[in-house]
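Chemist: got a structure for you, letters missing:
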């Protein structure tokens, strides 16, 4: 398959080596002793270069190359791999030049693949293309190396065009060709619709050629469908796999964790452990499951996983410790998260700091988040794009307008150019604080096209402050950018309803029906006795809803005696007031609170996760319940944490 060097070059048999493998010290000694008598024999020099590459002594290895009369295939490979590892583009180019003048190896397809791989790792895509174009023997491995290089460089269009060329030129594709092609489908498309069509096309082609169930093709398919949010397709691929390894299990667990199905991710992890005693989770598996535990406030499961991490020695990995810290903070345990951050110590990376900043932010501790940001800068770490998203979000949750403005203006000082996400944070910060005019001015001054996140932040602020005109402006753009997002229609209808613009509410309802759009139902989760329970307002699978609603109704009756009036404005149906109140009693977070009161011990913290923003009525009712029952209730909604205790919420009614 590959051309090769003479046996004497590939397998050194110089008598000085005998049957023993030479040590680095002996090689160095041999080199120094022969310095006065010309260059060392070719076999010695080839082995010495390979040894120097393995030990990282690239300058010495590179110095020996020009005087080497007959480099072996292994020597070339060692130099290229070492250059890629060290980021040494000059060495890669020097090896390339030597190869071009080598009569034995200049046509070797194996070394062509290694050259392309090295240039890809070094970010030198033009050089990788040149190697491919000039390679006289373009076998499947050379083609796959180019596909991989193009995909890594986010040149998905070109990678897919090359994949099509393979079919046109009758180059036999293999499982790696499909793997790189699938990754290119994701890299080429900014939006999900075209990417989805391309992935399905490559998937169908792989099925026809019999490669769809190859383990790494199927695993890549699961990962692609996870990124596209098409969970059902990922499930079908996973279910059809004849065999699975830890990577394929991890891909499916990660798919659930990324697509708002954390409970399924946790259950699948249990299935993985039960399926094969020899199947050991890797760090990626552990991180995905920790994220899933955080997603549903599954603190008990998270603690069990913490013990597993300690038993298996995963606590030596910073990536796992970062995820563990984030899990505790996202389950409401700030102090535990901070202790893990302190324990990581000098091994902290930018992700560690980002997790701590984000943790303080979602709990409403904005000043603490800003302080951690300042500490991070003081220790010499440069803030990343994510760092600024986290700290600006923290300022927004705490109403720290001046601090947020200063941080936003300082971004260029750290060579971080503001992205749409940063503008969205600033619009949210200004909008929540009631500075809607300034928020709109910021949007109009953006150097990039405002994203749905930016307009969505403005729309959310308009809902808080009842600003109809700006809400209409935001939705005029959102309806174009996200025509299938029912949430935008619902938010605008809510704003119209509160402004008593009932005709406009009816128009929006008609549009929802006309386009077949449905509002995402509110869903809440809680963990009781190590089991995840879910509650939705429209799902008949809820535990005995009547009992839970009756309990909430008793609290509401007592609240009414103290002047409470149910916030029925958020119910946009044209029905009687009494029926609207009944609908409010069935909100998922209220059902979860009632379930927690019935099924947990007195004094135990009730922890709930909500997939949407906590509504005003549920917020008022939960405050009352926390005081009346003397229970602490922690609710994590899509924006932040609410710690209810003694009738007070940690958000200070600012969320």
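Modeler: Thanks, I have it. Please read all numbers here as calculations on a predicted model, not as lab measurements. Residues are numbered from 1 along each chain as shown.
Chemist: Surely residue 110 touches residue 73?
Modeler: Yes. If you go by CB atoms under 8 Å, residue 110 and residue 73 touch, sitting 6.8 Å apart. Glycine gets a C-beta too; all of them are placed from N, C-alpha and C.
Chemist: For the residue nearest to the spatial centre of the chain, grab phi and psi.
Modeler: The residue lying closest to the centre of the chain (CA atoms, centre = their mean) is residue 258, at 7.2 Å. Main-chain dihedrals, residue 258, degrees, to the nearest 10: phi -80, psi -20.
Chemist: how close does the nearest residue to it once chain neighbours are set aside sit to residue 342?
Modeler: In this structure, residue 258 finds its nearest non-sequential neighbour in residue 226, 5.6 Å apart by CB to CB, 6 or more residues apart in numbering. Going from residue 226 to residue 342 by CB to CB, to the nearest Å gives 34 Å.
Chemist: so who does the residue nearest to residue 258 touch?
Modeler: 234, 251, 254, 255, 258, 259 (CB atoms under 8 Å, 6 or more residues apart in numbering).
Chemist: Assign the nearest residue to residue 603 once chain neighbours are set aside to helix, strand or coil.
Modeler: Nearest residue to residue 603, sequence neighbours excluded (CB to CB, 6+ apart): residue 631, at 7.6 Å. Assigned by DSSP: H, G, I helix; E, B strand; the rest coil, the conformation of residue 631 is coil.
Chemist: And the one 4 residues further on, by the same measure?
Modeler: The local conformation at residue 635, judged by three-state DSSP, is strand.
Chemist: tell me, how many neighbours does it end up with?
Modeler: 27 (other CB atoms under 10 Å).
Chemist: how about stretch 219-233: buried residues?
Modeler: 219-228, 230-231, 233 (16 or more other CB atoms under 10 Å).
Chemist: Okay, and which of the residues you listed map to helices?
Modeler: Counting by DSSP state H, the part of those found in helices is 219, 220, 221, 222, 223, 224, 225, 226, 227, 228, 231, 233.
Chemist: Could I get the pLDDT score of the closest residue to the third one other than its chain neighbours?
Modeler: Put plainly, it is residue 221. Computed as CB to CB, 6+ apart, the closest residue to residue 221 that is not its neighbour in sequence is residue 237, at 4.8 Å. The score at residue 237 is 97. That number is its pLDDT.
Chemist: measure residue 232 to residue 517 for me?
Modeler: 19 Å.
Chemist: right, I mislabeled it, should have said residue 505
Modeler: 15 Å.
Chemist: again with residue 495
Modeler: Where residue 517 is concerned, residue 495 sits at a distance of 17 Å (CB to CB).
Chemist: which of those two has more neighbours?
Modeler: It is residue 495, of residue 495 and residue 517, that has more neighbours when counted by other CB under 10 Å, with 24 against 16.
Chemist: Touching, that one and residue 463? I think so.
Modeler: Yes. Under the criterion of CB under 8 Å, residue 495 makes contact with residue 463 at 5.5 Å.
Chemist: Mutual contacts of the two, please.
Modeler: Common contacts of residue 495 and residue 463 (CB under 8 Å, 6+ apart): residue 471.
Chemist: re the thing from before, would you list the phi and psi of the residue nearest to residue 603?
Modeler: phi -120, psi 140.
Chemist: Repeat that for residue 519.
Modeler: According to degrees, to the nearest 10, residue 519 has phi -70, psi 140.
Chemist: With residue 489 as the reference, measure out to it.
Modeler: 8 Å.
Chemist: swap in residue 653?
Modeler: 27 Å.
Chemist: can you check residue 614 too?
Modeler: With CB to CB as the criterion, residue 614 and residue 489 are 21 Å apart.
Chemist: Who has more neighbours out of those two?
Modeler: Ranked by neighbour count (other CB under 10 Å), residue 614 and residue 489 place residue 614 first, with 24 against 20.
Chemist: Hmm, residue 655 and the more buried one touching each other?
Modeler: Yes. Assessed by CB under 8 Å, residue 614 is found in contact with residue 655 at 6.9 Å.
Chemist: Please enumerate the shared neighbours of these two.
Modeler: 637, 642.
Chemist: check which helix or strand covers residue 533.
Modeler: Following DSSP states H and E, one finds residue 533 within strand 531-536.
Chemist: what's in contact with that strand?
Modeler: 263, 266, 296, 298, 521-527, 542-543, 588-589, 591-592, 595.
Chemist: Mind checking the pLDDT average for stretch 535-553?
Modeler: On average, stretch 535-553 scores 76.
Chemist: Stretch 218-233 now?
Modeler: pLDDT averaged over stretch 218-233 gives 95.
Chemist: now it, how far from the centre of its chain.
Modeler: Put simply, stretch 218-233 sits 14 Å off its chain's centre (CA atoms, centre = their mean, to the nearest Å).
Chemist: Please renumber the chain so that the first residue is 31 from this point on.
Modeler: Sounds good: first residue 31 from here, last item stretch 248-263.
Chemist: Save the ones in helices among the buried residues of stretch 249-263 as JSON lines, and put in distance to residue 95 too.
Modeler: Shown next, in JSON lines, are these (distance: CB to CB, whole Å):
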{"residue": "249", "distance to residue 95": "39"}
{"residue": "250", "distance to residue 95": "37"}
{"residue": "251", "distance to residue 95": "43"}
{"residue": "252", "distance to residue 95": "44"}
{"residue": "253", "distance to residue 95": "40"}
{"residue": "254", "distance to residue 95": "41"}
{"residue": "255", "distance to residue 95": "46"}
{"residue": "256", "distance to residue 95": "45"}
{"residue": "257", "distance to residue 95": "42"}
{"residue": "258", "distance to residue 95": "46"}
{"residue": "261", "distance to residue 95": "52"}
{"residue": "263", "distance to residue 95": "50"}
